[in-house]
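**Q** below are the sequence and a predicted model; questions follow.
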Amino acid sequence: MQDLDQATMTNSPLIEVVNVHKTFKKGDRQELLVLEDINFRMYEGEIVAILGKSGSGKSTLLRIIAGLVQPSGGTVFYRGQPVFGPARGISMVFQTFALMPWLTVLQNVELGLEALGIERNERRDRALKAIDTIGLDGFETAFPKELSGGMRQRVGFARALVVNPDILLMDEPFSALDVLTADNLKSDLLNLWQTKKTGLHGILFVTHNIEEAALLADRIIVFNSNPGSIRGELKVTLPYPRNDMDTRFRNQIDRVYTLMTTQPLVEGTTEGHQVIDLGYRLPEANVAEITGLLETLNAPENNGKMDLPDVADILMLDIDELFPLTELLEILHFAKVSKGDITITDAGKAFVEANILDRKKIFSQHLKKYVPLARYIYDQLTRHPRHRALEENFISLLEDYLTEKEASRILSTVIEWGRYAELFAYDYNAGVLSLENPN
């Protein structure tokens, strides 16, 4: 009977997410859809990465799985039982350390045990063991302000592991650390996992770093944005430890980029380019950066086409920095991204090879043609008798589609593009837009 139960546990998912969606109130009447139709399973013995751009709803999903946030629809199951509220057996490590600054390392680690009502002596013994396991022996009486970022995050790991969790959730736990510190902490975590020094049966973490996902995970779930949804998933079968210079590892990175950039040609596209509307969440990218990327593409050695992993390596960009640039290039029809490659278009080549004044003219033409918000602002200024308008008018318009914060960000971004193109001017102090050359 014991063998049958063990087999059942092995074949049953640790975590099952069924038809989960999440909305947040955006105003009196409108709601913002953050997650849509999320379905996946996580099994015992797996490390699973949820990979996507910042703002894609990854962290919200992690908090729903932990029971810290309730979904607007759908259900999360932990070992077959629906999750309502914080689930025993699931611990979480946060990106921002989340330590109590007035407590020592030992006291911070004991917090979870105290919440569980563990007796004081046992609490202390378990906390000391967790501190030793995570490599902080000797720092029990230190306060967080006395520790480096890496050491503070180790305290976060010790606090999560001291309650002997079944599953460890991690919300971009390495993103606030420098590269060397992050690499050391990843290696130590993998060592704890492989040597079974903890009672963990699964690790689920979110990241926007492709190499991090490929280095740690057995399976990578790739997220779309706006709203967050599952684009696809990839298995990583490379043995540990993984070498980021290994050809097989680089091939895995290529597979991830291919999945993240391959889209079927559907209604709403022209010649493979997406057609956007007035309320589209435009990427935060500046002209200098996309110009630099186009110059790199157009260099003789690249012949107008590059693998995205190579672009990321050469320009030292992660996906949160690279993808906004490639997205804007696609919107403006200056480049085309497909199957992990980026190719400069004739328009992009003309732009990058032009002199400064002609670049502005080309950019202006494409901005008006392919970015509805820029065209709308220009048209409104052209029609106004004094060729002026308050920025708040355009923010109010965008708030029909977006949150107040996002509306403000997008308008600021388009203003910068419009100023470069000399489509319109902007008075920051007065909050007024005007035509650059009304005549």
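**A** Alright, I've got the coordinates.

**Q** strands along the stretch 101-250 of the chain, start to end?
**A** For the stretch 101-250 of the chain, applying DSSP state E, counting those that start in this stretch gives strands covering 167-171, 202-207, 219-224, 229-235.

**Q** quick one: which of those strands is nearest R281?
**A** Closest to R281 of those is strand 219-224 (CB to CB; 12.2 Å). C-betas here are computed from N, CA, C, even on glycine.

**Q** list the buried residues of that closest one.
**A** By 16 or more other CB atoms under 10 Å, the buried positions in strand 219-224 come out as R219, I220, I221, V222, F223, N224.

**Q** ok so L33 is a strand residue?
**A** Yes. L33: assigned to a strand according to DSSP: H, G, I helix; E, B strand; the rest coil.

**Q** on that earlier part again, okay if I get the strands of the stretch 101-250 of the chain as CSV plus mean pLDDT?
**A** Below are those laid out as CSV (pLDDT from 0 to 100):
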stretch, mean pLDDT
strand 167-171, 91
strand 202-207, 92
strand 219-224, 92
strand 229-235, 90
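
**Q** coming back round to it: for the buried residues of strand 219-224, which one is nearest A374?
**A** Nearest to A374 out of these is N224 (CB to CB; 24.9 Å).

**Q** pLDDT below threshold where in the stretch 151-300 of the chain?
**A** 263-275 (pLDDT under 70).

**Q** all helices for it, in order.
**A** 179-194, 210-216, 247-261, 287-298 (DSSP state H, counting those that start in this stretch).

**Q** could you give the angle of the first one to strand 167-171?
**A** Read it as helix 179-194. 170 degrees (axes from the mean of the first three to the mean of the last three CA atoms, to 10 degrees).

**Q** chain center to helix 179-194: distance?
**A** 21 Å (CA atoms, centre = their mean, to the nearest Å).

**Q** check which helices and strands that helix sits against.
**A** helix 149-161, helix 210-216 (3 or more CB pairs under 8 Å, 6 or more residues apart in numbering; DSSP states H and E).

**Q** extract the C-alpha trace of the shortest one and format it as PDB.
**A** Okay, so that is helix 210-216. Taking Å, rounded to 0.1, in the frame of the first residue of the first chain, the C-alpha atoms of helix 210-216 are listed here in PDB:
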ATOM      1  CA  ILE A 210      16.800  33.700 -20.300                       C
ATOM      2  CA  GLU A 211      20.300  32.400 -19.300                       C
ATOM      3  CA  GLU A 212      19.200  32.200 -15.600                       C
ATOM      4  CA  ALA A 213      16.200  30.100 -16.600                       C
ATOM      5  CA  ALA A 214      18.300  27.800 -18.800                       C
ATOM      6  CA  LEU A 215      21.000  27.400 -16.100                       C
ATOM      7  CA  LEU A 216      18.600  26.400 -13.300                       C
END
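
**Q** please work out which residues outside it touch it.
**A** Applying CB atoms under 8 Å, 6 or more residues apart in numbering, the contact partners of helix 210-216 are 47, 49, 51, 174, 186, 189-190, 205, 207, 220, 236, 238, 242, 244, 249, 252-253, 256-257, 309, 312, 318-319.

**Q** if we use 6 Å, what do you get?
**A** Helix 210-216 has contacts (CB atoms under 6 Å, 6 or more residues apart in numbering) with I47, A49, L51, T207, I220, V236, R242, D244, Q252, I253, V256.

**Q** between those residues, which sits nearest N164?
**A** Distance to N164 across these (CB to CB) is lowest for I47, with 18.3 Å.

**Q** can you report how many residues lie near the closest one?
**A** 23 (other CB atoms under 10 Å).

**Q** confirm it sits in a strand?
**A** Yes. Applying three-state DSSP, one finds I47 inside a strand.

**Q** report the beta-bridge partners for it.
**A** I203 (DSSP bridges).

**Q** ditto for F77
**A** Under the criterion used (DSSP bridges), F77 bridges to E16, P82.

**Q** that one and Q380, how far apart?
**A** 51 Å (CB to CB, to the nearest Å).

**Q** now K25: closest residue in space that isn't a chain neighbour?
**A** E31 (6.0 Å; CB to CB, 6 or more residues apart in numbering).

**Q** burial measure for that neighbour, as a count.
**A** So E31, with other CB under 10 Å, has 12 neighbours.

**Q** correct me if wrong: it contacts K22.
**A** No. With contacts counted by CB atoms under 6 Å, E31 stays clear of K22, the gap being 9.9 Å.

**Q** now the strands for the stretch 251-400 of the chain?
**A** Using DSSP E, counting those that start in this stretch, the strands of the stretch 251-400 of the chain run over 269-270, 273-274, 305-307, 335-338, 341-344, 388-390.

**Q** buried residues, the third one. List them.
**A** By 16+ other CB under 10 Å, the buried positions in strand 305-307 come out as M306, D307.

**Q** what mean pLDDT does it get?
**A** For strand 305-307, mean pLDDT is 91.

**Q** thinking again about what came up before, in JSON lines, list the contacts of helix 210-216 along with distance to K145.
**A** Converted to JSON lines, the contacts of helix 210-216 look like this (distance: CB to CB, whole Å):
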{"residue": "I47", "distance to K145": "32"}
{"residue": "A49", "distance to K145": "32"}
{"residue": "L51", "distance to K145": "33"}
{"residue": "T207", "distance to K145": "27"}
{"residue": "I220", "distance to K145": "36"}
{"residue": "V236", "distance to K145": "38"}
{"residue": "R242", "distance to K145": "35"}
{"residue": "D244", "distance to K145": "34"}
{"residue": "Q252", "distance to K145": "40"}
{"residue": "I253", "distance to K145": "38"}
{"residue": "V256", "distance to K145": "38"}
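
**Q** only whichever of those are buried, select them in ChimeraX.
**A** If you want just the buried ones from these in ChimeraX, going by 16+ other CB under 10 Å, the selection is:
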select :47,49,51,207,220,236,242,252,253,256
